[in-house]
Every structure is written in C-alpha cells, then in structure tokens.
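>>> Provided below are the primary sequence and the corresponding predicted coordinates.
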Amino acid sequence: MPATDAISLIEADHRMMEALFERVLAGDGDRMALLDDITAQLTAHARAEELEVYPAVRRADPGEEAEVEHAYDEHHEAEHLLRAARNLVASPHFTDAFTAFVAAVAHHVEEEEKEVLPALRDAVDAAALDRLGTAFQRERDAILAELTPEAMRTPPMRQPPVRQPPVGRAPARQSGTRTAPTRRPAGTGLPAEATKEQLYELAQQAGIPGRSSMTKQQLAAALARHG
C-alpha cells in the first residue's frame, strides 16, 4: 500500500521532480512539454506545502520558524529561476539557466529533508502525519488540475491566502545571500510603479511572513499595513 503520511508524499514528489530534471538535462523528450510538467508539479507541490505543511510545522515546533520562512523564500527563488529557464528554452543559454534552477531546488530539498521534515516527524504522531498527508495531497491535486499549459502561460495562477505572522512573535530573520535590496524612498510610501520583485525585496527587508507566495497586490497591502 502506498505511503499516505505527509513526509513520504513530499519526498516522493521530490524524487519524481528530480527524474523530470534528469530527462530535461539528458535531452530525453520534448523540452517544452517537460518544462510544462515541471512547472505544474513544482507549483502544486510548493503551494500545497505552503498552505498545509509549513503552517503545521510552525504550530508543532515553533523553533523551526526560521527554517520554515527560509523554505518559503527558496520556493520563490526556484520559481524565479524556472521562469528564467523557460524564457530561454530555445536559446543556447538554456542549459546553464536550467542547471541553476536544478541546483536551487536540490539545495532546498536537502534542507527540507534534513531539517524541516525531521522536525515535523519528531513533533507529531503518525495519525497526525497521515491527516496532514491527506490535506497535502488534496490541495496538491486540486492545484495541479488547474494548471494546464495555457494557464501556466497566462497569469495569474491560483494563489494561497496571505499568511499572518505568529501571534506574539517577531518576524524571523532570513538566512542566505541576496542581491542588493530595493530601497524605499525616504519619507514616502511604496516606490512609484514598483515591480513585484521590488515589492518582494521590501517585504523581505520588513520580515513580512509569507511574502514568497503573495501576489503583487498582496505584497503592496502587506507593506502598507507594516508601515
């Protein structure tokens, strides 16, 4: 009988996506069709984790909050790198771009499987893991069913709700090296005509939780509330 607990389902997704990455790098099959499959699988997996699994980790083990927030940021980074690779699908630079994406995902998977998922396993019992697995799979399948190739190329895609920071706890400080942040002009609100990437950088500076899965409008609203 296939495993139904959240950890086994997540790890099975990781192995499935790694196999797809290997096919692209080996030139095995239609590149664009494989990229569509990877985009759909990655999006559904990441959103289901963000909606169901990461909040459960936070509740079960508050000490993992920094790792969880870092995982949200790594989802954002992977999605950005995948978009960059898709834009170069017919270019001689595609392999380099796709390899950078694969490396980012590999780093995220290693951290998740060594830090976040073991913390979840230690914090809850088997029954809770099975219930979480059911919720993860249900959300993942629902999102995947919506992500046709046409939908992926015509944003916006389905977005999870804005997450609120844990009550009574300061936002987690982020780890990792980032490019120079976008600065907010002194004495003003948000930058005029700010892009989503610029708003994301401001949200990162402000320590706003859940920024990686927010739309541009949600980022702007969260920054306005933050002041």
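Done, it's in. Numbering: from 1, shown residues only.
>>> Helix or strand with the lowest mean pLDDT in this protein?
Sorted by mean pLDDT, DSSP states H and E, the helices and strands of the chain end with helix 149-152, the least confident at a mean of 56.
>>> Please report the distance of the spatially most central residue of the chain from His45.
Most central in the chain under CA atoms, centre = their mean is His75, positioned 2.5 Å from the mean C-alpha point. Noted for His75: a distance of 9 Å to His45, by CB to CB, to the nearest Å. Using the backbone N, CA and C atoms, a C-beta is placed for each residue, glycine as well.
>>> and if you look at Met17?
7 Å.
>>> What of Ala128?
The spacing between Ala128 and His45, counted by CB to CB, is 20 Å.
>>> that older thread, compare Met17 and His45 (neighbour count), which wins?
His45 (23 against 18; other CB atoms under 10 Å).
>>> Cross-check the contact I'm expecting between that one and Arg140.
Yes: between His45 and Arg140 a contact is recorded at 6.2 Å, counting by CB atoms under 8 Å.
>>> same question for the very next helix or strand once past the least confident helix or strand of the chain, mean pLDDT?
The helix or strand immediately downstream of helix 149-152 is helix 196-206, counting by DSSP states H and E. For helix 196-206, mean pLDDT rounds to 72.
>>> rewinding a little: can you list residues touching both of His45 and Arg140?
Listed contacts common to His45 and Arg140 are Asp13; contacts here mean CB atoms under 8 Å, 6 or more residues apart in numbering.
>>> Could you pull out the helices in this structure for me?
For the chain, the helices defined by DSSP state H cover 6-26, 31-48, 54-60, 65-87, 94-111, 117-123, 126-146, 149-152, 196-206, 216-226.
>>> I'd like to know which elements the third one is packed against.
In terms of contact count using 3 or more CB pairs under 8 Å, 6 or more residues apart in numbering; DSSP states H and E, helix 54-60 is assigned the packing partners helix 65-87, helix 117-123.
>>> which one of those helices lies closest to Thr195?
Proximity to Thr195 (CB to CB) singles out helix 65-87 among the helices and strands packed on helix 54-60, at 12.2 Å.
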